[in-house]
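Peer 1: Would you be able to build a 3D model of this:
(2 chains)
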Amino acid sequence: MKQHVSATRLSWGLLALGFLLLIFGLFVLALHPTAGQKTARALVLTAYLPWMAAVVVFAFLLQAVLLRSHIAPWLLPLSLFFANVGLVEIARLKPALFIPQLRWLLIGMAAFLLVLRFRRFIVALSSYQYLLGILCLILLALPLVFGTEIGGSRNWIVFGPVQVQPSEFGKIVLVLFLSAYLADHEEVLTAVKHRFFLFQLPPLRFIAPLLCIWGMAILLFVVAKDLGSALLFFGIAVFMTYMATGSRSYVLIAMLIFGVAAALSYTFFGHVRVRFDIWLHPWADPNGMGYQVVQSLFAFGSGGVWGTGFAHGHPGLIPEVHTDFIFAAIAEELGLIGSLTLLLGYAAFFLVGIRIALACETMDRILLAGGTSVVFLLQAFIIMAGVTKFLPLTGVTLPFVSYGGSSMVSGFLLLGLLAVLSKQKGRLVS
Amino acid sequence: MKTGKERQAKLHVLQVAAVLLILLFVLAVYIIYLQSIAADDLAHHPLNQRSAQTEAAIQRGTLLDAKGRVLAQSFAPGQRSYPMGAAMAPVTGYVGERIGSAGMEAQANQDLLGRTESLTRLGPIAQLFEADRGNDVKLTIDADVQQAAYDAFDGRRGAVVVLDAATGAVLAMVSCPSYHPETVESDWDRLRQEEAGPLLNRALYGMYPPGSTIKPLIADIALEQGVTDENEVFDCNGKLDVGGGQTIRESHGEVHGRVHLSEAIAESCNVTFGALAMRLGGKKLNDGFTRFGFSREIKGDFTGTAAHLPDFTNLSQGDLAQIGIGQSTLLVSPMEMALLAAAFANHGVVMEPYLIASVVTPGGVTVREGQPKRWFEATTPERARIIDGYMEQVVQKGTGTVARVSGVRVTGKTGTAENAQGEDHAWFIGSAKVGGRTVAFAIIVENSGGGGIEAAPIARKIILSME
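Peer 2: You can find the predicted model right below:
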């Protein structure tokens, strides 16, 4: 019991630390001679202070509610720590987007509260697993049909003034669908009916939904040019299938299919080839095609171990630095210390999620908690690897840190799922 | 049965977690590599505009002369004025966005920006030390001497170096023609194409045959090696047969008759020094030139090229004689000749030349100070005294009387160097005890004629400017 109390206290501390970081960062910006003036013009204290106060109050109330309901104490403080890192970087990089991001954070926390409030409704959702599957396919297919290309990827839907990234919500539905489907069909999926070379496979009709998801991911990759999302979806499907079945055959087949698809699209589609060539030889055209990733690498180098100091670097040289490339800005100004801290933060967050999965008692809950944790870590990994040229993949946001409404709201929805799972006992479907 | 299935799933969850954490670990290792081992290359990559942008935002510090007069000053980032203009250009150099930088603007760049390389990437700690105004750099230059020397050229081409022989402090460094540092960026293309080469700092990088100014060095080697002594009498009949049907002649057809070594230097007797060089041979000449630092490159506050020395192991008698009178393929810079003069004026010891007297922060704190440093011993105090005496005779009653200043002990050696470009280069090197110190100097006026007539008067003007 004593340990529980100290964990609670520490979680309050972490929550406060995140906001202190934000306030401290805003002070530094206000005092900075050149960057500060720019920020001061765009960021009027009286304009953002009410929003910030609302966020702080909401966050502390939310944490109080969570602790009273015996929900894992670390989920919200960690997410808000990431969000505060993002907010302070956005205030420095794109001051005009600071208030919108505060607003998205409020909406995100509201969405989180809604998930907690309507957890029974969400429980009911999982009994309509095929509906979920179809919804997932629709969400993924929407941008392919009606999509608008923004920033080189066709993964946006524009409704008047609002731009939505359906794939951000698609991944939630995917996790819900897969956990329900795999929990129900785990036995048939592991029952071996066919032997196919080295692989042991059940009848085709059982694995058809999985193949659909994989196929969709590959379509995303080819048609929407959304390489990061494609790998994210594919990875979620593969990891969750393995969690349910423990079958290495699925993993091998999936990787084989992905490899063949990647090779084929490299051969037949110009834009895929361009993406890969930029990755392999960014220095061949450092001021053209390779500009963004080369500038990002410069940011990591100029940052070095200790960083240039907050507001003392030049991350503005990187296009899209406030969304996909925000990690490069953090690495430049806060150095290796900052980039590793964030990386370790995601690892810690992932382990909190995995602990929740291990504490669950039923198959669907284990898969849902495990899958949700995988979404966060895999997404963070993909974008961090992308901006460092470790992998040729970008096009996803850094969870809770990057600027963006879709990303923030979907992040808090997934967080809500983890929170619900850390509380409830018994099967989701009663 | 059922619990077994869930236990299996949890095991798989752990396996997946392990795989993902390993992936994350590999990425972490790669990021550590990027931000530590690969960081310097990326930070200093020519396409990385970050350091240029940082520099552009800093107001550069002021360049001052030894008496605190402004040589280069900024009132806002990106602007720079040079009150002494073209006369001081070889010292200050220039700084431009498109053209890079030269001179002290390049050498003292980090100081003028107020940065210490080791601190630039220390994050928050660097911010404590970082100012929006750079440090002031006080030089050893005396603006009066510089201006007097520059004016003395009056449009002719050439260079001057004036050193404090006892400390190595550079007092003046003139190169003509010059350029105006404020307009160098807009005039760049024209300046680069100009045949006279105004952007070349002749004082450090001009390579000339030394002519007769090399004779004090030959005399020192000859005395050291014992191929002659102070009492030997040479017989000059106006020409020296060097074998192969070649002869070396005196200028203007002079005949010096019977001379001692001291008179041979005072009258700049080619026959004597041609003969001494042939007696010495390539090996001993090479050792002598090396002893006087001619194969060393100058490093420190500024860089200077080493002399171009002939291949001493493979010289004919004629070539040896030519070396003895400072011709053949031997090429030296004015800075090196000033150091040669300084060696005799400073008891055989050559001090390392330096330009930065001190670096001071805007708040008045001295960050570092230039310290006189003993560089090498060129010759013994005894021989330095002997040669210095000979050089005094040059000014008292020899070829360099034009440089005489009443009440000041002046030594010197004239030179009239034949060259492929046209008329002879006029040289004058030497020293003077003036203003409480011993200064050494080297002066060259390109394609102007005799050293005693064209270069020695400039030495006199320089000495007068220091009185």
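Peer 1: what's the closest non-adjacent residue to residue B:57?
Peer 2: residue B:77 (5.7 Å; CB to CB, 6 or more residues apart in numbering or on different chains). (Each C-beta comes from the backbone N, C-alpha and C, glycine too.)
Peer 1: Residue B:422 too?
Peer 2: Closest to residue B:422 by CB to CB, 6+ apart is residue B:447, at 4.8 Å.
Peer 1: what do you get for residue A:222?
Peer 2: Using CB to CB, 6+ apart, the closest residue to residue A:222 is residue A:265 (5.0 Å).
Peer 1: residues near that neighbour, how many?
Peer 2: 20 (other CB atoms under 10 Å in any protein chain shown).
Peer 1: Quickly note the distance from it to residue A:64.
Peer 2: Going from residue A:265 to residue A:64 by CB to CB, to the nearest Å gives 50 Å.
Peer 1: For chain B, what's the nearest residue on the stretch 251-400 of chain A?
Peer 2: Closest residue of the stretch 251-400 of chain A to chain B, CB to the nearest CB: residue A:301 (2.3 Å).
Peer 1: Just the strands from the stretch 151-300 of chain A, written as ranges.
Peer 2: With DSSP state E, counting those that start in this stretch, the ranges of strands along the stretch 151-300 of chain A come out as A:153-159, A:162-164, A:194-196, A:199-201.
Peer 1: does residue A:290 really touch residue A:282, like I thought?
Peer 2: Yes: between residue A:290 and residue A:282 there is a contact under CB atoms under 8 Å: 3.4 Å.
Peer 1: Mind naming the longest helix for chain A?
Peer 2: The helix that spans the most residues within chain A, counting by DSSP state H, is helix A:326-359.
Peer 1: So what's the gap between that helix and the chain middle?
Peer 2: Helix A:326-359 sits 12 Å away from the centroid of its parent chain (CA atoms, centre = their mean, to the nearest Å).
Peer 1: what about residue B:405, how many neighbours?
Peer 2: Count around residue B:405 with other CB under 10 Å applied: 18.
Peer 1: Are we agreed that it is in a strand?
Peer 2: No: according to DSSP: H, G, I helix; E, B strand; the rest coil, residue B:405 belongs to no strand; its state is coil.
Peer 1: Let me see the backbone angles for it.
Peer 2: For residue B:405, the backbone dihedrals are phi -130, psi 120 (criterion: degrees, to the nearest 10).
Peer 1: so it touches residue B:466, yeah?
Peer 2: No: contact between residue B:405 and residue B:466 fails when scored by CB under 8 Å: they sit 9.9 Å apart.
Peer 1: Give the residues shared as contacts by these two.
Peer 2: B:432, B:434 (CB atoms under 8 Å, 6 or more residues apart in numbering or on different chains).
Peer 1: hang on, the earlier thing: which secondary structure state does the residue nearest to residue B:422 sit in?
Peer 2: Assignment for residue B:447 (three-state DSSP): coil.
Peer 1: and the longest helix of chain A, what other elements does it pack with?
Peer 2: Helix A:326-359 is packed against helix A:75-93, helix A:291-303, helix A:363-387, helix A:405-423, helix B:2-35, with contacts defined by 3 or more CB pairs under 8 Å, 6 or more residues apart in numbering or on different chains; DSSP states H and E.
Peer 1: does chain A sit close to the longest one?
Peer 2: Yes: using CB under 8 Å from any CB of the partner chain, helix B:2-35 reaches chain A at B:5-6, B:8-17, B:20-21, B:23-24, B:27-28, B:30-32, B:34-35.
Peer 1: What's the PyMOL syntax to select whichever of those residues are buried?
Peer 2: This is how PyMOL selects the buried members of those, with burial counted by 16 or more other CB atoms under 10 Å in any protein chain shown:
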select buried, chain B and resi 5+6+8+9+10+12+13+16+17+20+23+24+27+28+30+31+34+35
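Peer 1: How far away from the center of its chain is stretch B:162-178?
Peer 2: 8 Å.
Peer 1: where does the chain dip in pLDDT?
Peer 2: Here I'm looking at chain A. Residue ranges of chain A with pLDDT under 70: A:1-5, A:33-43, A:149-155, A:159-161, A:192-201, A:424-430.
Peer 1: Wait, chain B was what I had in mind.
Peer 2: For chain B (pLDDT under 70), the answer is B:1-3, B:116-131.
Peer 1: which residues touch the closest residue to chain A within it?
Peer 2: Nearest residue of chain B to chain A: residue B:42, at 2.3 Å (CB to the nearest CB). Contact partners of residue B:42, counting by CB under 8 Å, 6+ apart, are A:297, A:298, A:300, A:301, A:302, B:34, B:48.
Peer 1: quick one: it is in a strand?
Peer 2: No: counting by three-state DSSP, residue B:42 falls outside a strand, being helix.
Peer 1: burial count for the closest residue to it other than its chain neighbours?
Peer 2: Nearest non-adjacent residue to residue B:42, counting by CB to CB, 6+ apart: residue A:301, 2.3 Å away. Residue A:301 has 24 neighbouring residues, counting by other CB under 10 Å.
Peer 1: Surely residue A:301 is in contact with residue B:37?
Peer 2: No: the criterion here is CB under 8 Å, and residue A:301 misses it with residue B:37 at 10.1 Å.
Peer 1: any idea how far residue B:20 is from the residue nearest to residue B:17 when sequence neighbours are not counted?
Peer 2: Among residues not flanking residue B:17 along the chain, residue A:354 sits closest, at 4.8 Å (CB to CB, 6+ apart). According to CB to CB, residue A:354 and residue B:20 sit 9 Å apart.
Peer 1: now do residue A:184
Peer 2: Distance, residue A:184 to residue B:20, by CB to CB: 25 Å.
Peer 1: go on, residue B:13?
Peer 2: 11 Å.
Peer 1: Could you tell me how many residues sit around residue 92?
Peer 2: Just so you know, I chose chain A. 27.
Peer 1: my question was about chain B
Peer 2: Neighbour count of residue B:92, defined by other CB under 10 Å: 24.
Peer 1: Please report phi then psi for it.
Peer 2: phi -70, psi -40.
Peer 1: Surely it touches residue B:105?
Peer 2: Yes: if you go by CB under 8 Å, residue B:92 and residue B:105 touch, sitting 6.2 Å apart.
Peer 1: what touches both of these two?
Peer 2: With CB under 8 Å, 6+ apart, residue B:92 and residue B:105 have common neighbours B:63, B:72, B:181.
Peer 1: Just the ones in strands from those, please.
Peer 2: Using DSSP state E, the members of the shared contacts of residue B:92 and residue B:105 that fall in strands are B:63, B:72.
Peer 1: Please identify the helix or strand for residue B:465.
Peer 2: For residue B:465, the host element (DSSP states H and E) is helix B:456-466.
Peer 1: I would like the residues contacting that helix, please.
Peer 2: Counting by CB under 8 Å, 6+ apart, B:142, B:144-145, B:147-149, B:151-153, B:160, B:162, B:172, B:400-405, B:408, B:410, B:412, B:414, B:428, B:430, B:432, B:434-435, B:439, B:441, B:443, B:445 sit against helix B:456-466.
Peer 1: hmm, 6 Å instead?
Peer 2: Contacts with helix B:456-466, where a contact means CB atoms under 6 Å, 6 or more residues apart in numbering or on different chains, come from B:144-145, B:148-149, B:152, B:400, B:402-403, B:405, B:408, B:428, B:432, B:434-435, B:443.
Peer 1: again with stretch A:101-116
Peer 2: Against stretch A:101-116 from outside (CB under 6 Å, 6+ apart): A:51, A:55, A:58, A:62, A:83, A:87, A:90, A:403, A:405, A:408-409, A:412-413, A:415-416.
Peer 1: ok, stretch A:309-323 near chain B or not?
Peer 2: Yes: Stretch A:309-323 is in contact with chain B by CB under 6 Å from any CB of the partner chain, via A:309, A:312, A:314.
Peer 1: what about that stretch, start to end distance?
Peer 2: 20 Å (CA to CA, to the nearest Å).
Peer 1: List the buried residues of that stretch.
Peer 2: Quick answer for stretch A:309-323 (16+ other CB under 10 Å): A:309-315, A:317-318, A:320-323.
Peer 1: So which of these belong to strands?
Peer 2: Among the buried residues of stretch A:309-323, no member lies in strands (by DSSP E).
Peer 1: Can you add distance to residue B:370 and give those back as a markdown table?
Peer 2: Below are those laid out as a markdown table (distance: CB to CB, whole Å):
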| residue | distance to residue B:370 |
| --- | --- |
| A:309 | 31 |
| A:310 | 36 |
| A:311 | 36 |
| A:312 | 31 |
| A:313 | 34 |
| A:314 | 34 |
| A:315 | 39 |
| A:317 | 38 |
| A:318 | 42 |
| A:320 | 49 |
| A:321 | 43 |
| A:322 | 47 |
| A:323 | 51 |
